[in-house]
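Undergrad: sequence plus the predicted model coming up.
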Amino acid sequence: MSDWPTSWREALLRQCGIPVTRFALDVLSAWRKSTPLEPWTNNPLGMPVAGTRAPNVLGSGYAAFPGMDAFRSAFALFLVSPAGRPVFDALATQDKPSVAWRAAHALPWPAVKTETNWPAVILDLIPTASRPLPDEDTSGTARTSGTIGVSGKSRSQGSAQVNASQQALIALNAGTRALQGIIRKVT
């Protein structure tokens, strides 16, 4: 799966009993853009493993759902919990991106620990005239789980290790075949 399913936002809102409004659709879209997960996880909003019965995505704490139906069911259950009620209220009764951001940012979900101001794209929905622009973070404390470039030296060392491992496996496989031939002849 290379992209998120079409109409996932509308289906999610309907299953959760939230009116399908432009505001709710925009918030869910921004939330998904802020979440560092791929479509194969069927987890566009970054739900955690805890309480979902879904497998863990590569030990990250994010849930990997078998399908979007499972994600929608888990999210609907989450919204009726005390922790999810502010998110439900923000999507169902509000029209302020700041309220939606506060509700999502307050969740103890994995992205809060790995992303600065997660879900930050929701903040982009706030008109700049209604809030002062934040100062740029020059302290070096900004976080992201984005990819890190690999140096040429590390890449060549990694390639050498992979080649050595492949040669060892080839030799081991040849030895195994030789032993199997001897055993066949003896028996």
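TA: Happy to help now that I have it.

Undergrad: could you use CA atoms for every contact and neighbour count after this?
TA: OK.

Undergrad: find the nearest non-adjacent residue to Val99, please.
TA: Among residues not flanking Val99 along the chain, Ala90 sits closest, at 6.1 Å (C-alpha to C-alpha, 6 or more residues apart in numbering).

Undergrad: now do the same contact list for that neighbour.
TA: Ala90 makes contacts with Lys96, Val99, Ala100, Ala103, as judged by C-alpha atoms under 8 Å, 6 or more residues apart in numbering.

Undergrad: which secondary structure elements does the strand or helix carrying the last one contact?
TA: Here Ala103 is covered by helix 97-105, with elements defined by DSSP states H and E. Under the contact definition 3 or more C-alpha pairs under 8 Å, 6 or more residues apart in numbering; DSSP states H and E, helix 97-105 sits against helix 85-93, helix 120-123.

Undergrad: format the contacts of Ala90 as CSV; extra columns: pLDDT, distance to Arg72 and neighbour count.
TA: Compiled in CSV, the contacts of Ala90 are given as follows (pLDDT from 0 to 100; distance: C-alpha to C-alpha, whole Å; neighbours: other C-alpha atoms under 10 Å):
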residue, pLDDT, distance to Arg72, neighbour count
Lys96, 92, 23, 15
Val99, 94, 22, 17
Ala100, 94, 19, 25
Ala103, 95, 18, 19
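
Undergrad: picking up where we left off before, what residues does the helix holding Ala103 touch?
TA: 27, 86-87, 90-91, 94, 112, 117-120, 122-123, 125-126.

Undergrad: and if you look at stretch 32-42?
TA: Residues outside stretch 32-42 that contact it (C-alpha under 8 Å, 6+ apart) are 1-4, 43-46, 57, 63-68, 71, 111, 118-122, 145-146.
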